[in-house]
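Peer 1: sequence and predicted model, in that order:
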Amino acid sequence: DAAVTQKPRYLIKMKGQEAEMKCIPEKGHTAVFWYQQKQSKELKFLIYFQNQQPLDQIDMVKERFSAVCPSSSLCSLGIRTCEAEDSALYLCSSSLDWGGWNTLYFGAGTRLSVL
Amino acid sequence: AQSVTQPDARVTVSEGASLQLRCKYSYSGTPYLFWYVQYPRQGLQLLLKYYSGDPVVQGVNGFEAEFSKSNSSFHLRKASVHWSDSAVYFCALRAGGYKVVFGSGTRLLVSP
């Protein structure tokens, strides 16, 4: 089974603080996605990397987040200034390639609580 | 725009009973369709996927799903549920390109 690793599992920040979470994609996967999930509900797409390059991201990420994949084996998602609404489970997923039949493999997520 | 609707936020069934979780999608073409399961404190795991061929596709752990183009549906079924099936189930659609659209999920509770 594919394995995507996310660290840390839990993150607690005060409002206004910076947060950073990391993801190790499955080896050989070229596509990496970050999703935000609140209260076990639908996944909200945040950003997509292909071969370590960010190809699509929502406005919220452009404005307040920082996301990079400095290598094929490490990606990170940061929040420059945490807000209460950022409290959520952040899921990283990777796939062999970008589309079609390719399965997304998910990490267990980083649960961020902003106090 | 593509969308996925899971009309049932919560479903409760007795252990050993049959199960159907509903999924409706909106897309004019033929999408790639997926069912994922999320167990507590875990990420999502693939149960099954469909693009073409036999409209009934088999997945892991006894799950199957049936695609219906006329109804724009991709319902998930299981003949006999086990308590360990309690989880949140997500239907998802990829319409071409990289973006996957997820439904809002159905929380399944299997009662003893």
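Peer 2: Yep, that arrived. Residues are numbered from 1 along each chain as shown, chains lettered A, B, ... in the order given.

Peer 1: how near is B:Q2 to chain A?
Peer 2: 12 Å (CB to the nearest CB, to the nearest Å). In short, each C-beta sits where N, CA and C put it, glycine included.

Peer 1: okay but that residue is in contact with B:P31, surely?
Peer 2: Yes: counting by CB atoms under 8 Å, B:P31 is a contact partner of B:Q2 at 7.0 Å.

Peer 1: quick one, which of the two is more surrounded?
Peer 2: B:P31 (23 against 17; other CB atoms under 10 Å in any protein chain shown).

Peer 1: residue contacts, the more buried one?
Peer 2: B:Q2, B:Y25, B:Y51, B:L93, B:R94, B:A95, B:G96 (CB atoms under 8 Å, 6 or more residues apart in numbering or on different chains).

Peer 1: now do the contacts for the closest residue to B:A79 other than its chain neighbours.
Peer 2: In this structure, B:A79 finds its nearest non-sequential neighbour in B:S18, 5.5 Å apart by CB to CB, 6 or more residues apart in numbering or on different chains. Residues in contact with B:S18 (CB under 8 Å, 6+ apart) are B:R77, B:K78, B:A79, B:S80, B:V81.

Peer 1: where does the nearest residue to A:F65 once chain neighbours are set aside land on pLDDT?
Peer 2: Using CB to CB, 6+ apart and skipping residues adjacent in sequence, the residue nearest A:F65 is A:I79, 5.6 Å away. pLDDT, A:I79: 97.

Peer 1: what about A:I79, neighbour count?
Peer 2: 23.

Peer 1: against A:D56, how distant is the residue of chain B found nearest chain A?
Peer 2: Here chain B gets closest to chain A at one residue, B:G43, 3.2 Å apart by CB to the nearest CB. Separation of B:G43 from A:D56 (CB to CB, to the nearest Å): 21 Å.

Peer 1: settle it for me: which of the two has more neighbours?
Peer 2: B:G43 (21 against 15).

Peer 1: tell me which parts of chain A are close to chain B?
Peer 2: A:4, A:6, A:31, A:33, A:40-43, A:45, A:48, A:50, A:55-56, A:91, A:93, A:98-101, A:103-109 (CB under 8 Å from any CB of the partner chain).
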